[in-house]
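> no FASTA, just this:
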């Protein structure tokens, strides 16, 4: 089967580039003795998780319990859930999951920790809990080493919980001081900070500059996207995920409409101008999206795309693009070789 | 089953409000003798399409062929596809669909029209084609009555195609003049503009001010959302679709994190500040979204949401929220009474 046999819009993944991205990050982290625990929220597929494990990853990271369940279904055994799991539904599911996979979780408050302890007791297995701290993103996470210390003590004291260390997203300049201070505060209790887990793709190639880091969680490095290219983290030639689209209208000489809208590309701008880059027409600007239309200004293009022509779009942000589709079409040297199901698509719970 | 039995994040639909929205628009369009052809891109469910038909809609509108196939599977017989269908894959699918449903389509160029003629010949059935014109949105559509006339003539002359009239989105002040001029230009050929199909929810209650309009296509009126409330089109009390979410982190006194991120609410702002309204805390501002987190500023709230508390979020834009989930949980007077599958979720092809 060839690319032309695919209907549009659809998401294609270049297998050689995917492999290269997986192996190069693994080699870098190996070189610096940092464990690699890639985030599956980006790809949500069994096949890529297995490629990552085969390359040397110690396990995977999931954002939601539903992703973790999908990964366990796919035979992935070591799963870290980087999210506060709250509520009886999820705690029961966590207990069930713990019986079939080696699960660890993040936590930034005592309320969550008490629930996790309940789940671990239900499962009859100890649960390793990492305390999330705020490294500057101002999302979740305890705010100070004092708070981290207090929470670590609570975790260590709760039935069936093990304090596993600290985690943050993304790595930042604040990381080292936070970890060292927390370590010092916990030392009198005999509680060790065994693991320090950082995260992010934009910062991953500086992971070795954080001596405290024992593990890194990167997601987008497998595919890359326009935002990572704009940040200089990846070259265009390394980007492994694209959207195939068709020109469905050319209402004016300056305007072209593609069949990939926000229900394919997502509305994420990540601070960029426009909603993606058309590889064949780099001067074109996707200046707006409707749900099923990309609005493209082609006035700067020497040659302009024609009605019915197919183009290749590098999306701004690879993660939501994957979450909006059911299948990744895997391509090698222009030939379609496999279809991978996005098994954790929509797993927001 | 009660709401408390649902895990979060999830999408709930208030059945009484949904009914009221469907019947009130139908009554208004009936009163003005405008056919109602609601757009299913908003709800993507069989049950709501059937409610719309039962209330008096003449058929449904779909944006993509995949939505139309899902509606035909659900037993909806009269389907208008408001999109240029291009390429052999889709034309073959269109021919198949035409054998089991009464399909009409939009078109804004001769290239598309020739393909549609091919599909109609494959199906062995005539296909009604409406010419899309640009009423001011500057997306698809012919630009002038001259262009509309030329395309209408081409359609009328192509094997198995019938020129059905004109369509635009949204209704605008340009509508009447465009239609009248096209009608006048086509008169010498004996080609009638039988149908004039307008669209949009924001403009729907002014449909009667467009004497040329014979049909209207509205989508979002079934649910409403924060954007329609902001525009004064719907009251908060009519909004029928919400996201149930849980407070999963309260890292600072001012900041609360919910478990609904852009993979639940979408990143659509529709020009609004923030990403949704928390009904229980109207002073709270959802100032940012991560994929699985809503970042909420609660500094203006007299009372603040607690860890583990459930809240109800009115999203900015209902359409992508539905497309991101598999199930709509239907609620009446606080009780969960049904689950409706989003059968056309992800049907972007």
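Received it, and whenever you're ready, just let me know what you need. Here the structure is a predicted model, which is why all the values come from computation and not from measurement. Numbers count the residues shown, from 1 in each chain, chains lettered A, B, ... in the order given.

> C-alpha only now, for contacts and for neighbours.
OK.

> Please parse chain A into its domains.
Chain A breaks down into these structural domains: A:3-9+A:226-341, A:32-222 (assignment by automatic domain parsing).

> Give me the phi and psi for the residue nearest to residue A:32 when sequence neighbours are not counted.
Nearest residue to residue A:32, sequence neighbours excluded (CA to CA, 6 or more residues apart in numbering or on different chains): residue A:208, at 6.0 Å. Here is the backbone geometry of residue A:208 (degrees, to the nearest 10): phi -70, psi -10.

> Same check on residue A:329?
phi -90, psi 120.

> what residues does the stretch 101-250 of chain A put near chain B?
A:108-109, A:111, A:139-143, A:248-250 (CA under 8 Å from any CA of the partner chain).

> tell me the two of these that are most distant?
A:111 and A:250 (56.3 Å; CA to CA).

> higher neighbour count, these two?
residue A:250 (24 against 15; other CA atoms under 10 Å in any protein chain shown).

> I'd guessed the more buried one sits against residue A:307; true?
Yes. Between residue A:250 and residue A:307 there is a contact under CA atoms under 8 Å: 6.5 Å.

> Show me the contact partners of stretch A:157-165.
A:113-114, A:116-118, A:120-121, A:124-131, A:152, A:155-156, A:191-197 (CA atoms under 8 Å, 6 or more residues apart in numbering or on different chains).

> one more time with 6 Å
A:117, A:120, A:126-130, A:155-156, A:193-196 (CA atoms under 6 Å, 6 or more residues apart in numbering or on different chains).

> out of those, which one sits closest to chain B?
residue A:130 (14.9 Å; CA to the nearest CA).

> Need the pLDDT of that closest one.
Note for residue A:130: predicted pLDDT of 98.

> so what does the helix or strand hosting it touch, helix or strand wise?
Residue A:130 belongs to strand A:127-132 when assigned by DSSP states H and E. Secondary-structure packing of strand A:127-132 (3 or more CA pairs under 6 Å, 6 or more residues apart in numbering or on different chains; DSSP states H and E): strand A:102-107, strand A:161-167.

> can I get the ones you listed in a markdown table with mean neighbour count and mean pLDDT?
Listed next are the helices and strands packed on strand A:127-132 as a markdown table, based on neighbours: other CA atoms under 10 Å in any protein chain shown; pLDDT from 0 to 100:
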| stretch | mean neighbour count | mean pLDDT |
| --- | --- | --- |
| strand A:102-107 | 24 | 98 |
| strand A:161-167 | 24 | 98 |
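
> would TSV of these with distance to residue B:47 be doable?
Formatted as TSV, those follow (distance: least, CA to CA, whole Å):
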stretch	distance to residue B:47
strand A:102-107	39
strand A:161-167	45
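
> Indicate which one of those strands is closest to residue A:235.
strand A:161-167 (28.6 Å).

> Let me know the next secondary structure element after that closest one.
Counting by DSSP H and E, what follows strand A:161-167 is helix A:175-186.

> picking up where we left off before, among the residues of the stretch 101-250 of chain A next to chain B, which ones are in helices?
residue A:111 (DSSP state H).

> Buried subset of the residues of the stretch 101-250 of chain A next to chain B as a ChimeraX selection?
To isolate the buried ones among these in ChimeraX, judged by 16 or more other CA atoms under 10 Å in any protein chain shown, type:
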select /A:108,109,139,140,141,142,143,248,249,250
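
> Just the ones in strands from the residues of the stretch 101-250 of chain A next to chain B, please.
A:248-249 (DSSP state E).

> where along the stretch 201-349 of chain A do the helices fall?
Assigned helices in the stretch 201-349 of chain A, in chain order: A:226-230, A:262-265, A:318-323 (criterion: DSSP state H, counting those that start in this stretch).

> for the stretch 1-150 of chain A, same thing?
Going by DSSP H, counting those that start in this stretch, the stretch 1-150 of chain A shows helices at A:15-31, A:46-55, A:65-73, A:88-98, A:110-123, A:145-157.

> export those to a markdown table and tack on mean pLDDT and distance to residue A:254?
Compiled in a markdown table, the helices of the stretch 1-150 of chain A are given as follows (pLDDT from 0 to 100; distance: least, CA to CA, whole Å):
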| stretch | mean pLDDT | distance to residue A:254 |
| --- | --- | --- |
| helix A:15-31 | 98 | 34 |
| helix A:46-55 | 98 | 40 |
| helix A:65-73 | 98 | 43 |
| helix A:88-98 | 98 | 51 |
| helix A:110-123 | 98 | 54 |
| helix A:145-157 | 98 | 56 |
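
> can you redo these as TSV with distance to residue B:163?
Listed next are those as TSV, based on distance: least, CA to CA, whole Å:
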stretch	distance to residue B:163
helix A:15-31	46
helix A:46-55	49
helix A:65-73	49
helix A:88-98	55
helix A:110-123	63
helix A:145-157	70
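
> And those: which comes nearest residue B:72?
Nearest of the helices of the stretch 1-150 of chain A (CA to CA): helix A:65-73, 31.3 Å.

> quick revisit: format the domains of chain A as TSV; extra columns: distance to residue B:283.
As requested, the domains of chain A are arranged in TSV below (distance: least, CA to CA, whole Å):
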stretch	distance to residue B:283
domain A:3-9+A:226-341	25
domain A:32-222	19
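
> got the contact list for residue A:286?
Contacts for residue A:286 (CA under 6 Å, 6+ apart) come out as A:274-275, A:295-296.

> Which of those residues has the largest number of neighbours?
residue A:275 (28 neighbours).

> what's the spacing between it and residue B:348?
17 Å (CA to CA, to the nearest Å).

> right, and residue A:45 touches residue A:343 too?
Yes. Counting by CA atoms under 6 Å, residue A:45 does reach residue A:343; the two are 5.5 Å apart.

> Comparing these two, which residue is more hemmed in?
Between residue A:45 and residue A:343, counting by other CA under 10 Å, residue A:45 is the more crowded of the two (24 against 21).

> Grab the nearest non-local neighbour of the more buried one.
In space, residue A:45 is closest to residue A:342, 4.9 Å off (CA to CA, 6+ apart).

> wait, what's in contact with the one you found?
Residue A:342 touches A:44-45, A:326-327, counting by CA under 6 Å, 6+ apart.

> measure it to chain B for me?
12 Å (CA to the nearest CA, to the nearest Å).

> Nothing else from me, thank you.
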